[in-house]
Every structure is written in C-alpha cells, then in structure tokens.
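A.B. asks: 3D, please:
(one chain, ligands or ions: 1)
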Amino acid sequence: MSHRNDLLPPPALQATGIQASLGGVRVLHGIDLHLAAGCWTSIVGPNGAGKSTLLRVLAGLLGHGGEVRLFGEPLRELPGRVRAQRLAWLGQGGAGEGSADDLRVGDVVMLGRLPHQRWLAAPSPADRDAVERALRSTHAWDWRDRTLGELSGGERQRVLLARALAVEAELLLMDEPLANLDPPHQADWMATTRSLAAAGATVVSVLHELSVALAADQLVVMAQGRIVHHGTCDDPATHAALEHVFDQRVRVHRVAGQWIALPR
Ligand SMILES: Nc1ncnc2c1ncn2[C@@H]1O[C@H](COP(=O)(O)OP(=O)(O)OP(=O)(O)O)[C@@H](O)[C@H]1O
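C.D. replies: Sure thing, here's the model as predicted:
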C-alpha cells in the first residue's frame with residue numbers, strides 16, 4: 001500500500017481503522033484514508049470490493065468501527081444539520097427515491113437546500129439561486145415543473161446530481177454518479193467535478209468508468225474490503241495496482257493526453 005499523505009495539506013476527511021459489517025459479514029477490514037481539501041478522489045475496484053460500503057461509512061450512513069473525521073471533527077459528534085450542510089450525498093441509482101416520483105423536479109432539488117433553511121421557512125432568494133444554478137449545470141432546468149417519475153433514468157440522475165450540487169457542500173460523496181448518463185453528460189459531470197475541486201471542494205466518487213476515474217487527482221484502489229493502493233492518477237504504481245485488482249484484464253494507456261483503461 002502506498003500513502004502520499006506527507007505531500008498533502010491537512011485532510012478534509014480522515015478515516016482511521018474503519019471496519020464495517022453487512023448482514024453479519026465483515027466487509028471492510030481496517031481502512032485508513034486521508035483526503036485533502038480541494039481534491040477529487042475516485043474509488044475503484046472489482047464488484048463487491050466494498051466501495052459503496054466505504055462511501056456510506058464516510059457519509060455517516062452506516063454503523064462502523066474506527067473513526068471518521070470531517071475537517072478535523074469526529075463525524076459522529078457533528079450535529080445532523082451541520083453535517084448535512086457540509087456533506088452532500090448522491091446515492092447509487094437514486095436508491096430510496098422511488099417514493100419521490102410524484103415530486104416536482106424543482107422541489108426535489110430544493111430538498112438539497114433544507115439543511116440551510118430555517119424550520120418551516122420559505123426558501124430564500126439564495127436557496128432559489130442555488131437550485132437554479134444546480135439545475136442549469138446539469139442541463140435539467142427545463143424540467144423543473146415536471147415530476148421525477150416522468151423522466152428517463154439518465155434525466156433523473158441529472159436531477160439527483162443537481163440536488164447534491166444545490167447543497168453547496170464542502171464535501172461531496174457520490175456513488176456511481178455516471179449511472180445512465182450519456183457521454184456528453186459524463187463529460188459535463190467531469191467538468192463540474194473539476195471546477196468544484198478547483199474551488200476548494202473535496203469530491204469522492206465511486207466509479208466503474210475507469211477512464212473517467214483516471215481523470216481524478218487521486219485514485220483509491222480497493223479489493224476484498226481493503227484499500228490496496230492510494231496514489232495519484234499519473235503514477236505508474238497506481239496503474240499497476242488498477243491492472244492488478246482487475247486480474248490484468250484492463251490496461252492503462254495514454255491517449256490524446258488522457259489516461260484511459262481498456263478491457264482486454
Ligand atoms: N445486506 C448484505 N448482507 C451481506 N453482505 C452484503 C450485503 N450487502 C452487500 N454485501 C456484501 O458486501 C460486500 C461489499 O459490497 P459493496 O456494495 O460495498 O461493494 P462494491 O465494491 O460497491 O460493489 P459493486 O462494484 O458491485 O457496486 C460485497 O461482497 C457484498 O456481497
């Protein structure tokens with residue numbers, strides 16, 4: 001395992017000795033992870049490696065052993081409202097969103113502003129601006145008066161992404177954010193993510209699209225409930241770790257100035 005923490009500013013997110021079980025089976029085995037502010041990190045690895053489980057632990061959504069610190073403070077001790085202001089979550093496939101099918105798109109995205117609103121207060125102009133910015137950045141503004149249930153899978157994903165963006169959190173955790181997105185909207189997501197990180201946000205994305213994952217600043221490579229490598233996306237050791245966890249069935253290439261991973 002390689003660590004580059006000595007090169008990084010103080011971590012925005014710090015996980016130490018994380019263990020987690022699902023259905024009585026241990027699926028995370030002592031994870032240590034330090035993520036710098038202003039950095040986009042992709043988590044990759046084979047099916048069942050524990051990527052989504054780790055992301056849920058980092059979001060405070062799953063009981064675990066060990067400790068998660070957010071900007072130096074224990075996540076467990078952060079009041080729920082503060083956590084919801086500082087941490088935005090995009091879950092896999094919009095899980096749990098089925099019951100929201102009757103909601104207007106604009107209202108779904110406004111839910112991202114709830115942590116910023118006073119109890120029962122109407123949305124402020126700042127809330128409305130944040131919702132419009134988020135919907136425009138995912139090209140979903142034109143659907144604001146439609147219901148979520150009237151949208152295709154990719155359109156729905158762009159609305160849920162807009163909801164996460166509308167939080168305007170310092171830390172964004174996204175599980176398979178590209179699910180159902182066509183290539184132009186995948187490219188838009190990458191551009192949005194890069195600009196969020198450039199503006200100081202910390203972004204963690206679980207991705208199966210390895211060539212997109214390799215556009216991040218850092219790659220966390222997982223297998224069998226452990227981090228087997230954490231390094232920059234330009235590092236040959238990172239590419240070797242990626243090829244290794246996929247049993248040499250992918251190869252990393254440099255094409256037109258970008259890293260791409262092709263199956264073989
Ligand atoms: N409810 C459950 N009970 C027992 N084991 C579970 C349960 N849910 C998931 N697991 C197991 O936990 C492990 C980690 O699952 P997780 O969803 O975190 O993997 P992942 O790396 O995100 O996989 P994928 O790439 O397929 O989405 C897997 O081996 C999975 O079979």
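A.B. asks: what's near enough to touch the residue of the chain found nearest the ligand?
C.D. replies: Across the chain, the shortest distance to the ligand (Cβ to the nearest ligand atom) belongs to G23, at 2.6 Å. No exception for glycine: its C-beta is placed from N, CA and C like everyone else's. Residues counted as contacts of G23 (Cβ atoms under 8 Å, 6 or more residues apart in numbering): none.
A.B. asks: any idea of the pLDDT on it?
C.D. replies: Looking at G23, its pLDDT is 94.
A.B. asks: got it, and G96?
C.D. replies: So G96 comes in at 49 (pLDDT).
A.B. asks: Same question for the one 5 residues further on.
C.D. replies: As summarised for this prediction, D101 has a pLDDT of 88.
A.B. asks: State the three-state secondary structure for the nearest residue to it once chain neighbours are set aside.
C.D. replies: Sequence neighbours aside, G149 is the residue nearest to D101 in space, at 3.2 Å (criterion: Cβ to Cβ, 6 or more residues apart in numbering). Here G149 is recorded as helix under DSSP: H, G, I helix; E, B strand; the rest coil.
A.B. asks: V108 is in contact with G149, correct?
C.D. replies: No: contact criterion Cβ atoms under 8 Å: G149 and V108 do not qualify, at 10.8 Å.
A.B. asks: Looking at those two, which is more packed in?
C.D. replies: V108 (24 against 12; other Cβ atoms under 10 Å).
A.B. asks: Now do the contacts for that one.
C.D. replies: V108 touches 100, 148, 159-160, 163, counting by Cβ under 8 Å, 6+ apart.
A.B. asks: Could you list the buried residues of stretch 25-37?
C.D. replies: 27-28, 31, 33-37 (16 or more other Cβ atoms under 10 Å).
A.B. asks: can I assume A237 sits in a strand?
C.D. replies: No: under three-state DSSP, A237 sits outside any strand and is assigned helix.
A.B. asks: If you tally nearby residues, what's the number for Q248?
C.D. replies: That count, for Q248 with other Cβ under 10 Å as the rule, works out to 10.
A.B. asks: and the nearest residue to it once chain neighbours are set aside, how many residues sit next to it?
C.D. replies: Among residues not flanking Q248 along the chain, R264 sits closest, at 7.9 Å (Cβ to Cβ, 6+ apart). R264 has 9 neighbouring residues, counting by other Cβ under 10 Å.
A.B. asks: What are the contacting residues of stretch 55-68?
C.D. replies: Against stretch 55-68 from outside (Cβ under 8 Å, 6+ apart): 13-20, 28, 30-31, 33, 43, 53, 74-76, 83, 87, 89, 173, 175, 204, 206.
A.B. asks: which of the residues you listed are close to the ligand?
C.D. replies: Subset of the contacts of stretch 55-68 in contact with the ligand: T53, counting by Cβ under 6 Å from any ligand atom.
A.B. asks: So which of the contacts of stretch 55-68 belong to strands?
C.D. replies: 13-20, 28, 30-31, 33, 43, 74, 87, 89, 173, 175, 204, 206 (DSSP state E).
A.B. asks: Please pick the buried ones from those.
C.D. replies: So, by 16+ other Cβ under 10 Å, the buried ones in these are 13-15, 18, 20, 28, 31, 33, 43, 87, 89, 173, 175, 204, 206.
A.B. asks: Okay, now the unreliable bits of the protein?
C.D. replies: 1-10, 93-99 (pLDDT under 70).
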